[in-house]
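Compute the structure for the input listed below.
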Amino acid sequence: MQLRPEALEGHLAKGLAPLYVITSDEHLLALEAADRIRRSARAQGYTERDVLSVERSFKWGELLAANQAMSLFGDKKLIELRIPGGKPGKDGGAALQAYAKSLSPDNLTLITLPKLDWQTAKAAWVTALQQAAVYIEIPTIERPALPGWIGARLAAQGQGAERQALDFIADRVEGNLLAAHQEIQKLGLLYEPGKLSSEQVMDAVLNVARYDVFKLSEAMLVGDPARLARMLDGLKGEGEALPLVLWAVSEEIRTLLKLKSAMVQGRPLGALLKEYRIWGPRERMMEPALRRVSLATLEAALQEAAQVDRMVKGLRAKAFAGDAWDAMLQLALRVAR
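Residues are numbered from 1 along each chain as shown. Sure, this is the predicted structure:
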């Protein structure tokens, strides 16, 4: 049974299912959902707990043994299976299918996974879990939705803030939902319930951003120069390797150029996105980006990327003078604008 994350509390109030699966790349939200299940399990007499983590040396017989083993004191047991890589392999897939068919009435099982890619999501073991479990897929909080998420969290603790203040927090915690949660909790400790001023928020919130080089492409695609400049500055400050940044941006430019060239020849974008295996949030960003950027701009940007590459390698590039990071910014801005 598929269950929306926001419906979990109501579901648990009615009783527990024998098997739960949580899949998400949002570690904070996955942890909170798992904690709710654990609390309900303890309240309903699941006092024993086995935690299994699927690492390289993991033997799938351990899962079956945990399910079959009787508690010494006759207590009900919570079995947690963590699959951090998201791919159990052939043996693991078979074990999970068998496990889903032989759930013990004395045990409650909680399986946690990262967000599954489209190919893994079609696997037989995933289908078996979806049919046997309460399956909770928690979506990623994308950057445009982050201020709203922060506002909802503030409201839950009796506080509120203007949109400008919410945007300020979102900018400071870029790519770090756990940090956002901590900053929101701190505001709850520092100030009384009610409306917070922008000054209060700015005084309290630290710059706890964790910049992701691959999120840089997102800022470039959506055409957000301010965010792009801020992220590049953050990556530079965190000591990120410039060749990796250049590679991520250049790959996105190459993809845009391939798509744009094919569209000029009359091919439909939908078919091209499938051909190049572009889906999810990135798929939604492609169409407006391709409308905004011309073929000539993309061709020039790719040539510019080659010049930046020469600068990164310490070779003199005629097109640029000065810092390679500045050249990197100008390259990304060419596409973002």
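
right, and the helix or strand after the lengthiest helix in the chain?
Counting residues, the longest helix found in the chain (DSSP state H) is helix 242-264. Downstream of helix 242-264, the first helix or strand assigned by DSSP states H and E is helix 269-275.

ok now that following helix, how far from the chain's centre?
24 Å (CA atoms, centre = their mean, to the nearest Å).

Can you point out the buried residues in the following helix or strand past it?
With elements assigned by DSSP H and E, the helix or strand that comes after helix 269-275 is helix 281-292. Under the neighbour-count criterion of 16 or more other CB atoms under 10 Å, helix 281-292 has 282, 285-286, 289-290 buried. Every residue, glycine included, has its C-beta placed from N, CA and C.

Packing partners of helix 281-292?
helix 213-222, helix 242-264, helix 269-275 (3 or more CB pairs under 8 Å, 6 or more residues apart in numbering; DSSP states H and E).

repeat that for 6 Å
helix 213-222 (3 or more CB pairs under 6 Å, 6 or more residues apart in numbering; DSSP states H and E).

what's the angle from the helix or strand following the helix it packs on to helix 213-222?
For helix 213-222, the succeeding helix or strand toward the C-terminus, using DSSP H and E, is helix 225-237. For helix 225-237 against helix 213-222, the angle by axes from the mean of the first three to the mean of the last three CA atoms, to 10 degrees is 160 degrees.

Local confidence estimate at the closest residue to residue 222 other than its chain neighbours?
The shortest distance from residue 222 to any non-neighbouring residue, by CB to CB, 6 or more residues apart in numbering, is to residue 285 (5.6 Å). Residue 285 carries a pLDDT value of 86.

And for residue 229?
Looking at residue 229, its pLDDT is 87.

Equivalent analysis for the one 5 residues further on, please.
At residue 234, the model reports a pLDDT of 83.

circling back to that earlier point, kindly indicate which of the buried residues of helix 281-292 lies nearest residue 148.
Using CB to CB, residue 285 comes nearest to residue 148 of the buried residues of helix 281-292, at 18.8 Å.

Enumerate the strands of the chain by residue range, in sequence order.
19-23, 46-53, 76-82, 107-113, 134-137, 159-161, 194-196 (DSSP state E).

Now render those strands as a markdown table, adding mean pLDDT and mean neighbour count.
Converted to a markdown table, those look like this (pLDDT from 0 to 100; neighbours: other CB atoms under 10 Å):
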| stretch | mean pLDDT | mean neighbour count |
| --- | --- | --- |
| strand 19-23 | 97 | 23 |
| strand 46-53 | 90 | 15 |
| strand 76-82 | 92 | 20 |
| strand 107-113 | 95 | 23 |
| strand 134-137 | 96 | 20 |
| strand 159-161 | 94 | 19 |
| strand 194-196 | 94 | 13 |
